[in-house]
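Q: Here's my sequence, what's the structure:
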Amino acid sequence: MFLLVAATFSTIYLTQPVLPVLREEFGIDAAKASLTVSAVIFGIALATLPFGRLADRLPARPIILVGGTLASLCGFLCAATTSFPLLVAGRFLQGVFVPSLTTCLVVYLVQALGTGGKSVRMRIEHGSAMQADLCFRNGRIVFAECGEEKGVDVVYRVICWQDAGTFRIEPIRSFPPENVSAPTDYILLEGSRRLDEHQAGG
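A: Take a look at the predicted model:
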């Protein structure tokens, strides 16, 4: 699943370094070539809210697997086509399926760690300036920190992060003082509600 997520995220700006090659290959100007990037962004913008609603009603894992697989298949279509309109259409469809990962990944990880009863630290980097740490003790979130902010609000913030980022999970033996007391199921439910509001611009 990690490879699927990484491959899908990497497709967002995949064509940007080769825009001059696309211009020469298809005989188009710079504005048209840049559609291969903007079409993905447009697809993401259109599909983020629907996938957020879908994630409220269905388990996250199948959404991630199906959406990531379809995004990858669209990538193969883009690589094989000799038609520029079909290339743009394929890039748009890639964008449509990217939110299947961005809206569900954190929720899925929290669910999986909770179900498995793991004691781990999950470190999530959002862009170049923001980093959050979540600590799980026997599957329950007991500590959350993002810069100066601590506690359960950090978990809600992370759930609402929509941009591509990186994460790693590592075993933990020495826990910081607990600052999250709410049950994980409640946190996921409230986090999903806040995610809906965030996506709706509320």
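Q: For this protein, give me the ranges with low pLDDT.
A: Confidence mapping of the chain against pLDDT under 70 gives the ranges 1-10, 56, 102-103, 106, 111, 114-116, 127-129, 162-165, 199-202.
Q: hey, where'd the strands end up in it?
A: For the chain, the strands defined by DSSP state E cover 120-126, 130-137, 140-146, 149-150, 165-171.
Q: and the longest helix along the chain, how far from the chain's centre?
A: Across the chain, the longest stretch assigned as helix under DSSP state H is helix 35-57. In terms of CA atoms, centre = their mean, to the nearest Å, the centre of helix 35-57 is set 11 Å apart from its chain centre.
Q: List the buried residues of it.
A: Buried positions in helix 35-57, judged by neighbour count with 16 or more other CB atoms under 10 Å: 35-37, 39-40, 43-44, 47-49, 51-52, 54-55. Every residue, glycine included, has its C-beta placed from N, CA and C.
Q: Return the closest of these with respect to Asp196.
A: Gly52 (5.8 Å; CB to CB).
Q: Surely that closest one is in contact with Asp196?
A: Yes - in terms of CB atoms under 8 Å, Gly52 counts as a neighbour of Asp196; the distance is 5.8 Å.
Q: Restrict the longest helix of the chain to CA atoms and write it as CSV.
A: This file holds the C-alpha atoms of helix 35-57, laid out as CSV (Å, rounded to 0.1, in the frame of the first residue of the first chain):
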residue,chain,number,x,y,z
LEU,A,35,-2.8,21.7,-19.0
THR,A,36,-1.2,18.3,-18.2
VAL,A,37,-0.5,19.8,-14.7
SER,A,38,-3.6,22.0,-14.2
ALA,A,39,-5.9,19.1,-15.2
VAL,A,40,-4.7,17.1,-12.3
ILE,A,41,-5.2,20.0,-9.8
PHE,A,42,-8.7,20.6,-11.2
GLY,A,43,-9.6,16.9,-10.8
ILE,A,44,-8.4,17.0,-7.2
ALA,A,45,-10.4,20.1,-6.4
LEU,A,46,-13.6,18.6,-7.8
ALA,A,47,-13.2,15.2,-6.1
THR,A,48,-12.0,16.0,-2.6
LEU,A,49,-15.4,16.7,-1.1
PRO,A,50,-17.1,13.7,-2.6
PHE,A,51,-14.3,11.3,-1.4
GLY,A,52,-14.5,12.9,2.1
ARG,A,53,-18.2,12.0,2.2
LEU,A,54,-17.5,8.5,0.9
ALA,A,55,-14.9,8.0,3.5
ASP,A,56,-17.5,8.7,6.2
ARG,A,57,-19.7,5.8,4.9
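Q: Which other helices and strands does that helix contact?
A: Under the contact definition 3 or more CB pairs under 8 Å, 6 or more residues apart in numbering; DSSP states H and E, helix 35-57 sits against helix 19-26, helix 60-80, helix 84-97, helix 99-102, helix 184-199.
Q: how many other residues sit next to the nearest residue to Ile172 once chain neighbours are set aside?
A: Spatially, and ignoring its direct neighbours in sequence, Ile172 is nearest to Arg121 (4.5 Å; CB to CB, 6 or more residues apart in numbering). Applying other CB atoms under 10 Å, we find 16 residues neighbouring Arg121.
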